[in-house]
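Asks: What follows is a predicted protein model with its sequence.
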Amino acid sequence: MLFREPETAALEALLFVAKDPLTPELLVELLELDLAKIEELLYELRNRYAIDSCGLTLLEINGGYKLGTKPEVARYIETLYKQPAQALSNAALEVLSIIAYKQPVTRGEVDFIRGVQSDRALATLVEKGLVKEVGRKEGPGRPILYATTEQFLLHFGLRSLDDMPSLEMASLSEAEAASTEDSN
Amino acid sequence: MLFREPETAALEALLFVAKDPLTPELLVELLELDLAKIEELLYELRNRYAIDSCGLTLLEINGGYKLGTKPEVARYIETLYKQPAQALSNAALEVLSIIAYKQPVTRGEVDFIRGVQSDRALATLVEKGLVKEVGRKEGPGRPILYATTEQFLLHFGLRSLDDMPSLEMASLSEAEAASTEDSN
Amino acid sequence: MEHESTSPQVELPAYQGPLDLLLTLIQQEKVDIYDIPIARIADQFVDVVRQMESMDMEVTTEFLVLAAQLLYIKSRELLPKPPKSEQDPAEEEDLRQELVERLVAYRAFKQVAKVLEGLETSSGRSYYREVNVEGLLANVKPEDPLKGIEFDDLWQAFCKVIERAERGDEIRYVEPDEIAIDLMLADVLRRVVLHPKGMRFSQLMRSGSRMEMIVSFLALLELLKSGKVRAEQTTLLSDIMLFPTKKAWEFTVEEE
């Protein structure tokens, strides 16, 4: 029951290349058909895309139309484009551990404890949403204070930051014991 | 007589969002199907697009696949883009032919073969995305090297450079030698 | 130059360049490209170039160069051949040969250009979409950057920080008699800060040179005096324990 094949093809091609959604008014102009006909063609396209073997769909956005992909196939597209998560560097882990241990903390304090510059590692952590700025420290230069984020707490199953010191104490004493043995 | 509907849909969606043509090997990986099955699905898509009311087509470029619009509907898209199709000038076509065969090639080499300056035609081709810079030639002045783009293949409906008409010339190799000497 | 639009002169096609013009002349004359009657073609070439000039058409130097080249070859052909021993007999042949080769190569590319021109109109044009990858992934949750990282990994990283502080790399690489007191201050404070539950005095004294021990003791006294470190001794003979105070962190603020 097809009709107006060339215009249907043209409509599909237009929706395919369109960056912004195409309004029915613009389609009327481009295809030189009246509004009712445009609606009919859109209806036909929608029908065609309804079959399971079709990965495309007609998107209606703010009263305009364009083509998109069906939600069912999203995971394939993600696989195509998703970048594999990059493992955190040792430096980033060190900075993260220091911030977790003593937060809120300034970059200068982190640098001081590590004995090396930490700006790049810190920037990575902020970018990845593991660390965030939480204010400024009173004092000269009013340096930015950093703390871990909720995402960090969730990952390590920490209910709140208050959980951190107890973990630290338990493990610290062991390390201390070890280092004491060493020095003896 | 449909089969593997979800994978067909996924294939179509992948071709729709692909920036670069998708090779069969990559599709095997993304869809977790063997090569024969991928070929079948591509065949099915090609069939589906064959109907007159469909404005899309499966393009094969350099052994990869992506979706494009059918040439028959080009004028609608050109109206949408408000870019009336401008045929390339003779000079541009000559430069393009030379680059297609001798790529990567410098402007000096193109100039020598044509016996005339080609800077304007070359600039037009770069602007239209038919030609691109691909590096610099070793040697004095390190001149820019040019090559054709995927857009070039698409523009002329070529699947790959192998589809180019054959270059009939007995003494190309000698001329080549001469032009190389000249530019150095 | 007068512009008489009412009586147009001979229509001259636009040549792509001197090679294009030369090729056109050869084709018009229907002569073999490998056996060009140079004298005749050279005269025609010069005629056309003159015409182009008189019509105010752009005559680039390339036209003039080729015209000169053609005339030169022509003159060589007209001159009586010198005795073979005196002149290089290959020179004239070389010029001709080179010109023919360039013409043959140019002609081939011109033919391809014609084919492309045909393809451009006949095959029509396909269009792609512009793919906005960022937009596609806008709703995709980025992968967990902590994937595969366990608390122990974090703890190991922290231990490395402590280890490095205990090793005192900064101090180690300084000549013993040059250990600056503020370098040692930072070293001692760093180590005390990393042991919030207390650090043994005996642990603080690294078994190093006598000078290193003296300077670190002086640094500790300085830190006790400024209130950044607190010392405790529970019983008379027990180890002295050192603790960081709240003030310990003010040190690093000044650092910035």
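Replies: That came through, no problem.

Asks: Give me the phi and psi for the residue nearest in space to the middle of chain A.
Replies: Geometric centre of chain A, nearest residue: A:Lys128, 8.9 Å, by Cα atoms, centre = their mean. Torsion angles at A:Lys128 (phi, psi; degrees, to the nearest 10) stand at phi -80, psi 0.

Asks: Distance check, it against chain C.
Replies: Separation of A:Lys128 from chain C (Cβ to the nearest Cβ, to the nearest Å) stands at 4 Å. No exception for glycine: its C-beta is placed from N, CA and C like everyone else's.

Asks: May I ask which helix or strand encompasses the closest residue to that residue other than its chain neighbours?
Replies: Distances taken as Cβ to Cβ, 6 or more residues apart in numbering or on different chains put C:Pro145 closest to A:Lys128, at 3.9 Å, once the chain neighbours are dropped. Assigned by DSSP states H and E, C:Pro145 belongs to neither a helix nor a strand.

Asks: repeat for C:Asp152
Replies: Here C:Asp152, judged by DSSP H and E, is contained in helix C:151-167.

Asks: Could you pull up the mean pLDDT of that helix?
Replies: For helix C:151-167, the mean pLDDT works out to 83.

Asks: what's next to stretch A:36-51, contact-wise?
Replies: Residues outside stretch A:36-51 that contact it (Cβ atoms under 8 Å, 6 or more residues apart in numbering or on different chains) are A:2, A:4, A:7-8, A:11-12, A:15, A:24, A:27-28, A:31, A:33, A:54, A:56-58, A:65, A:70, B:2, B:5, B:53.

Asks: any idea how far that stretch is from the chain center?
Replies: 34 Å (Cα atoms, centre = their mean, to the nearest Å).

Asks: do stretch A:60-76 as well
Replies: 19 Å.

Asks: before we move on, the earlier item: any idea how far chain B is from the residue nearest to the centre of chain A?
Replies: Counting by Cβ to the nearest Cβ, the gap from A:Lys128 to chain B is 25 Å.

Asks: Can you verify my assumption that A:Pro24 contacts A:Leu35?
Replies: Yes. Using Cβ atoms under 8 Å, A:Pro24 makes contact with A:Leu35 at a distance of 5.9 Å.

Asks: More neighbours: which of the two?
Replies: Counting neighbours by other Cβ atoms under 10 Å in any protein chain shown for A:Pro24 and for A:Leu35 shows that A:Pro24 has the greater number, 14 against 11.

Asks: State the pLDDT value of the residue nearest to A:Lys128.
Replies: Confidence at C:Pro145, expressed as pLDDT, is 78.

Asks: Kindly provide the distance from it to A:Leu96.
Replies: As judged by Cβ to Cβ, to the nearest Å, C:Pro145 and A:Leu96 stand 10 Å apart.

Asks: Same drill for those two, tell me which one is more crowded.
Replies: Higher neighbour count among C:Pro145 and A:Leu96: A:Leu96, with 27 against 20, using other Cβ under 10 Å.

Asks: can you pull the pLDDT of that one?
Replies: With respect to pLDDT, A:Leu96 scores 91.

Asks: export stretch C:61-77 as CSV, just CAs?
Replies: Extracted as CSV, the C-alpha positions of stretch C:61-77 are listed here (Å, rounded to 0.1, in the frame of the first residue of the first chain):
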residue,chain,number,x,y,z
THR,C,61,54.5,33.1,-17.2
GLU,C,62,54.0,29.4,-17.7
PHE,C,63,52.6,30.1,-21.2
LEU,C,64,55.6,32.3,-22.0
VAL,C,65,58.1,29.8,-20.7
LEU,C,66,56.6,27.0,-22.9
ALA,C,67,56.4,29.4,-25.9
ALA,C,68,60.0,30.1,-25.5
GLN,C,69,60.8,26.5,-25.2
LEU,C,70,58.9,25.6,-28.3
LEU,C,71,60.6,28.4,-30.3
TYR,C,72,64.0,27.1,-29.1
ILE,C,73,63.3,23.6,-30.2
LYS,C,74,62.0,25.0,-33.5
SER,C,75,65.1,27.1,-34.1
ARG,C,76,67.4,24.1,-33.4
GLU,C,77,65.5,22.1,-35.9
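
Asks: If we go by neighbour counts, what in that stretch is buried?
Replies: Across stretch C:61-77, burial judged by 16 or more other Cβ atoms under 10 Å in any protein chain shown covers C:Glu62, C:Phe63, C:Leu66, C:Ala67, C:Gln69, C:Leu70, C:Leu71, C:Ile73, C:Lys74, C:Arg76.

Asks: So which of those residues reach chain B?
Replies: C:Glu62, C:Leu66 (Cβ under 8 Å from any Cβ of the partner chain).

Asks: out of the buried residues of stretch C:61-77, who's nearest chain B?
Replies: Closest approach to chain B among the buried residues of stretch C:61-77 (Cβ to the nearest Cβ): C:Glu62, at 5.1 Å.

Asks: Next, work out how far apart the closest one and B:Gly108 are.
Replies: 13 Å.

Asks: just C:Ser238 next, same as before
Replies: From C:Ser238 to B:Gly108 the distance is 86 Å (Cβ to Cβ).

Asks: Looking at these two, which is more packed in?
Replies: B:Gly108 (18 against 10).

Asks: Surely the more buried one is in contact with B:Ile144?
Replies: No. Assessed by Cβ under 8 Å, B:Gly108 is found out of contact with B:Ile144, at 9.9 Å.

Asks: mind listing what's buried in the helix holding C:Asp152?
Replies: Per 16+ other Cβ under 10 Å, helix C:151-167 contains these buried residues: C:Asp153, C:Leu154, C:Trp155, C:Ala157, C:Phe158, C:Cys159, C:Val161, C:Ile162, C:Arg164, C:Ala165, C:Glu166.

Asks: That'll do, ta.
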